[in-house]
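> next come a sequence and a model predicted from it.
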Amino acid sequence: MKTTRMAIENIARDYFAAFSKKDLNKLKQMFSVNINLRDWETFAIGRDQVCQANQNIFDAVTVINVDPVNIFVDGLIVIGDLIITINGKEVIKVVDILEFDQDLKIISIKAYKG
């Protein structure tokens, strides 16, 4: 399947927007069944565990806003240079590495706090 850089970037932007909206249903549709998530606090394997990890984040904050400052695409990998604002005040700089499978579902998310 030939996919353009712009198509992958748009899917990544949709992912960041859905995360900001706490739209777990949309996120679940974007995830591969075999997705894995690793960040500075969490490791989860499988769509159900990753969705639960996201729900835990959403439950812990009133508002979360993910602002992609830069997005870099190489094949099926996206690197997002992000500023995350929590509850309108706490700002975290994060780098997300999203890997997509051939069906353009997210198979891996690695998040690094900077």
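Received the coordinates, thanks.

> where in this structure is pLDDT low?
Applying pLDDT under 70 to the chain picks out residues 1-3.

> so how far is the first residue of stretch 56-68 from its last?
22 Å (CA to CA, to the nearest Å).

> identify each buried residue in it, please.
Under the neighbour-count criterion of 16 or more other CB atoms under 10 Å, stretch 56-68 has 58, 64, 65, 66, 68 buried. No exception for glycine: its C-beta is placed from N, CA and C like everyone else's.

> stretch 12-30 now?
12, 15, 16, 18, 19, 22, 23, 27, 30.

> okay, among those, which ones form the most distant pair?
12 and 22 (17.7 Å; CB to CB).

> just the ones of the buried residues of stretch 56-68 in strands?
64, 65, 66, 68 (DSSP state E).

> can I get these in CSV including distance to residue 7?
Formatted as CSV, these follow (distance: CB to CB, whole Å):
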residue, distance to residue 7
64, 26
65, 24
66, 20
68, 16
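
> how about these, which pair is most distant?
Between any two of these (CB to CB), the greatest distance is 13.8 Å, for 64 and 68.

> residues contacting residue 82?
16, 66, 67, 68, 69, 93, 94, 95, 96 (CB atoms under 8 Å, 6 or more residues apart in numbering).

> for residue 109, see how far away the residue lying closest to it once chain neighbours are set aside is.
Leaving aside its sequence neighbours, residue 82 sits nearest to residue 94 (CB to CB, 6 or more residues apart in numbering; 4.6 Å). Distance of residue 94 to residue 109, given as CB to CB, to the nearest Å: 11 Å.

> next: residue 8.
14 Å.

> got it, and residue 93?
17 Å.

> and the two? which has more neighbours close in?
residue 109 (21 against 12; other CB atoms under 10 Å).

> can you list the buried residues in whatever helix or strand residue 98 lives in?
Assigned by DSSP states H and E, residue 98 falls within strand 90-100. For strand 90-100, the neighbour count (16+ other CB under 10 Å) marks 94, 96, 98, 99, 100 as buried.
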